[in-house]
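[1] Take a look and give me a structure for this.
(chains A and B)
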Amino acid sequence: MAVAAKPLPHAHTHATEGPDHRESLMFDPRPRGLMNAWAMEAMHETSWKFWAVAAFLALIVLVFLVGAWAWMIMEGLGLAGVNRPAFWGVFLVNTVFWIGISHAGTFISAILRVLKVEFRRPFTRAAELMTAFGLIQAGFSILMHMGRVWLSYWLLPYPNQRQLWPNFHSPLTWDFLAITTYLLSSLMYLYLPLIPDLAMARDRSSGWRKRLYRILALGFRGTEEEWEHLRKAMTIFAFAIIPVMFSVHTIVSWDFAMATRPGWSSTIFGPYFVIGALHSGMAAVVVVLFFVRRMKHMTYFVRPEHFDALGKLMLVISMAWAYFFFNDYIVQWYGGDKWTRMLLEYHENGPLGWMWMLMLICNVAVPWLLLWNRRVRRTPWLMAIIGILINVGMWLERYVIVPISLTINRMPFTWRQYVPGIEIPLGIGTLALFILLYMLASRLIPLVPIWEVQEGQMVHSLERVGKTYVPVVKELE
Amino acid sequence: MSEKTFLALFSDVNPAAEAIAQLREMGMKDEQMQVISGIPFTAPILGRPHPRTNVPRMAMGGALVGFLLAMFFTIGTPNLYPVYVGGQPLIPVPPSVIATFELTMLGMLLATFLGVFLDSRFPSYRPMEYVPAISDGKIGVLFRCTEEESSRWMDALQKLGAESVSPVEAVQL
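    Below you'll find the model as predicted:
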């Protein structure tokens, strides 16, 4: 069993049948030093285009996020389009969207780790980073929605000056607890497997980077005890963070489903929201991987096989999303009251009916028509386009659920179509901040967990069965 | 007699595990040795005693603290400061389940994280015996012995496939 994993045996010279396993990262091992060097190079060497894009994004963040938010704070929430009856608009659409995006990190990293799915190894960190940065954008969107952001501490459960003890049974507290738990857990889950790679970066850096990595690596050397503590902790995290992830989006869905509004009062909203979150999150991972592979020259680590595997998952998740959507739809269509039927009619044939239709095209038609095809799944740029389209579809889904559904209620005299105002630049600003944070993080932390890749390569081998060689994965734990 | 620390570097796990077994047969105690590596190897692979970890116990403790905190918030405080609203129950069970679940999980995960720090004695910025080759995939066997004994162990390790065996000083990482 080689540590610096050795090249494959001459499997294919003896047995010509079967695929060439070298196209798989796990069967194409390189010396650890070389992989480390590639990871460090991706952090150190960036072209002028990288900085040009970063500067452009920083400008967008400055104008669209900082500037527009400051303007809204000065002028008031009237700059936003929210008004009776749609008091929830794009800010909350974005909140739900970003929380959804954040689910992919946990899904890919935790569930696939628990199930010991090997293809996850090179991109768990890229997905986990999305969780952290997605939750930051979700937090910003909630604060924007509050308007008087300087009073945001009112959300925190603490005894106030009127000596009212906070009600811990309130749905606002559910949200606060769920999102706080998920954010903290995700950050810890991101950091723990990062420690060995930070130690690797510490060993290969100088100047301010050396000082930074020395602090962040905490003195990690890779002793038996350190690995044992890390391994135990990561196992606990992987199992425990999954129900936390499910709880977050279920609780977000209850913000809607607990109300007795047409279109929202649904017992299936919890799993429907969770599967929607996974749909957008998985698609976002594919988009991120495309750019990581292309801009950071990670073609060795991120290969067509990974897009292929993710494409299959996306197809299955798309089918699950369609199942939940149709289940919710048919019950409301068949058994709903007249207001619910009017709302469904408004969804489909109202002035924004194109959004409803485009949602179905992006979330169902596009993946179903394309992702069954292996060649499509193994073409990174095509997968990135599909990923973007799914995210457009999932954003539209939240738009249909939030402001469009609020337009039709049981008081027709209040009906009014919601038109977003300052929400648009602020939404663009959060998107730009997400991308900017990701780009800056790619300069500071290894996007690929090198030690996990090497560990994976160590446990994979080929075994002769009959006339061919078949992949074998050893169980080391 | 003063003791010194030596580091034997191996590029494969098999000779490293063999060397550890041979050293033990030659009289070196497990406490005198320590293995450092760039990827995790379980104790059975290396033929080493299983390292003790308190992380699962700390996780359970954290979960218990989180659970008790949730009980205090959801059952204790409404009883301490009762506010009846609209004929609703003072302690509704289903919403209490949500707060209890979240706080229990938060307690467990925070304690797990903290457990890694406490068990591994992180952060530790004092000088330690280490070489960067470890993060390049080498397996290091650190052992302590007197200078008089050192040549015996070094010869043995080189015969057992060590790429290099040399005294190692604690350095600032």
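[2] Please identify the nearest residue in space to residue A:247, excluding sequence neighbours.
    The shortest distance from residue A:247 to any non-neighbouring residue, by Cβ to Cβ, 6 or more residues apart in numbering or on different chains, is to residue A:178 (5.5 Å). Bear in mind the C-beta positions are built from the backbone N, C-alpha and C, glycine included.
[3] correction: residue B:64
    Per Cβ to Cβ, 6+ apart, closest to residue B:64 is residue B:107, 7.4 Å.
[4] for the helix or strand the one you found falls within, packing partners?
    Residue B:107 belongs to helix B:93-120 when assigned by DSSP states H and E. Secondary-structure packing of helix B:93-120 (3 or more Cβ pairs under 8 Å, 6 or more residues apart in numbering or on different chains; DSSP states H and E): helix A:171-191, helix A:224-257, helix B:55-71.
[5] Okay, angle between it and helix A:224-257 too, please.
    Relative orientation of helix B:93-120 versus helix A:224-257 (axes from the mean of the first three to the mean of the last three Cα atoms, to 10 degrees): 160 degrees.
[6] Whichever helix or strand comes after helix B:93-120 - what's its average pLDDT?
    The first helix or strand that comes after helix B:93-120 along the chain, using DSSP H and E, is strand B:128-129. Taken as a whole, strand B:128-129 carries a mean pLDDT of 93.
[7] Check whether strand B:128-129 comes near chain A.
    Yes: using Cβ under 8 Å from any Cβ of the partner chain as the criterion, contacts between strand B:128-129 and chain A involve residue B:128.
[8] what lines up beside the next helix or strand along the chain from that strand in the sheet?
    Sequence-wise, the next helix or strand downstream of strand B:128-129 (DSSP H and E) is strand B:139-146. Partners of strand B:139-146 in the sheet, by DSSP bridges, are strand B:3-10 (antiparallel), strand B:33-37 (antiparallel).
[9] Mind listing what's buried along strand B:139-146?
    B:139-145 (16 or more other Cβ atoms under 10 Å in any protein chain shown).
[10] Can you get me the centre-to-centre distance for that strand and its chain?
    19 Å (Cα atoms, centre = their mean, to the nearest Å).
[11] Give me every residue in the stretch 51-200 of chain A lying close to chain B.
    Residues of the stretch 51-200 of chain A lying close to chain B (Cβ under 8 Å from any Cβ) are A:157, A:164-165, A:167-171, A:173-174, A:177-178, A:180-181, A:184-185, A:188, A:191-192, A:196, A:199-200.
[12] let's see 10 Å
    Proximity of the stretch 51-200 of chain A to chain B, by Cβ under 10 Å from any Cβ of the partner chain, involves residues A:157, A:159, A:163-171, A:173-174, A:176-182, A:184-189, A:191-192, A:195-197, A:199-200.
[13] And the residues you listed, which of them are buried?
    A:157, A:165-169, A:173-174, A:176-182, A:184-186, A:188-189, A:191-192, A:195-197, A:199-200.
[14] so how far does stretch B:23-32 reach from one end to the other?
    10 Å (Cα to Cα, to the nearest Å).
[15] Name all residues that make contact with the closest residue to residue A:284 other than its chain neighbours.
    Leaving aside its chain neighbours, residue A:284 sits nearest to residue A:101 (5.0 Å; criterion: Cβ to Cβ, 6+ apart). For residue A:101, the contact set (Cβ atoms under 10 Å, 6 or more residues apart in numbering or on different chains) comprises A:130-131, A:133-135, A:137-138, A:277, A:280-285, A:288, A:391, A:394-395, A:434.
[16] same thing with residue A:94?
    Residue A:94 neighbours (Cβ under 10 Å, 6+ apart): A:137-138, A:140-142, A:144-145, A:395, A:398-399, A:402, A:423, A:426-427, A:430-431.
[17] if we can go back for a sec, Throw the helices and strands packed on helix B:93-120 into JSON lines and include mean pLDDT, thanks.
    What follows is these, written out as JSON lines (pLDDT from 0 to 100):
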{"stretch": "helix A:171-191", "mean pLDDT": "92"}
{"stretch": "helix A:224-257", "mean pLDDT": "95"}
{"stretch": "helix B:55-71", "mean pLDDT": "97"}
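[18] To residue A:52, which of those lies closest?
    Nearest to residue A:52, of all the helices and strands packed on helix B:93-120, is helix A:171-191, at 28.1 Å by Cβ to Cβ.
[19] Now that residue A:446 has come up, it's in contact with residue A:195, right?
    No: contact between residue A:446 and residue A:195 fails when scored by Cβ atoms under 10 Å: they sit 11.3 Å apart.
[20] show me where pLDDT drops low in chain B?
    Where chain B drops to pLDDT under 70, the residues are B:1.
[21] domain parsing for it?
    B:3-52+B:128-171, B:55-120 (automatic domain parsing).
[22] Dihedrals phi and psi, the nearest residue to residue A:60 once chain neighbours are set aside?
    Nearest non-adjacent residue to residue A:60, counting by Cβ to Cβ, 6+ apart: residue A:432, 4.0 Å away. Main-chain torsions, residue A:432, degrees, to the nearest 10: phi -60, psi -40.
[23] what residues are up against residue 59?
    No chain was given, so I picked chain A. Applying Cβ under 10 Å, 6+ apart, the residues contacting residue A:59 are residue A:432.
[24] I was after chain B.
    Residue B:59 touches A:232-233, A:236-237, A:240, B:107-115, counting by Cβ under 10 Å, 6+ apart.
[25] Dump these to CSV, plus distance to residue A:216 and neighbour count.
    As requested, the contacts of residue B:59 are exported to CSV (distance: Cβ to Cβ, whole Å; neighbours: other Cβ atoms under 10 Å in any protein chain shown):
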residue, distance to residue A:216, neighbour count
A:232, 21, 21
A:233, 17, 28
A:236, 22, 24
A:237, 18, 26
A:240, 24, 21
B:107, 25, 23
B:108, 24, 25
B:109, 20, 27
B:110, 19, 20
B:111, 21, 22
B:112, 19, 28
B:113, 15, 24
B:114, 17, 17
B:115, 19, 23
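[26] Which two of those have the greatest separation?
    Among the contacts of residue B:59, A:232 and B:107 lie farthest apart (Cβ to Cβ), at 17.1 Å.
[27] What residue, apart from its backbone neighbours, is nearest the residue of chain B found nearest chain A spatially?
    At 3.1 Å from chain A, residue B:137 is the closest residue in chain B, using Cβ to the nearest Cβ. Setting aside the residues directly before and after it, residue B:137 is nearest to residue A:32 in space (Cβ to Cβ, 6+ apart), at 3.1 Å.
[28] quick one: pLDDT of that neighbour?
    Residue A:32 is given a pLDDT of 93.
[29] I'd say it and residue A:453 touch.
    Yes: counting by Cβ under 10 Å, residue A:32 does reach residue A:453; the two are 9.2 Å apart.
[30] quick one: contacts for the residue most central in space within chain B?
    Central residue of chain B (Cα atoms, centre = their mean): residue B:120, 4.8 Å from the mean position. Residue B:120 sits next to A:195, A:218-221, A:223, A:225-230, A:233, B:53, B:55 when contact means Cβ under 10 Å, 6+ apart.
[31] Mind checking which of those are buried?
    Buried among these (16+ other Cβ under 10 Å): A:195, A:218-221, A:223, A:226-230, A:233, B:53, B:55.
[32] residue contacts, the residue in chain A that chain B sits nearest to?
    Closest contact between chain A and chain B, by Cβ to the nearest Cβ, is at residue A:32 (3.1 Å). Taking Cβ under 10 Å, 6+ apart, we find residue A:32 in contact with A:3-5, A:200, A:450-451, A:453-454, A:457, B:11, B:38-39, B:133-138.
[33] same question, residue B:65
    By Cβ under 10 Å, 6+ apart, the contact set of residue B:65 is B:103-104, B:106-108, B:110-111.
[34] same check, this time on residue B:15
    B:8, B:22, B:139, B:157, B:160-163.
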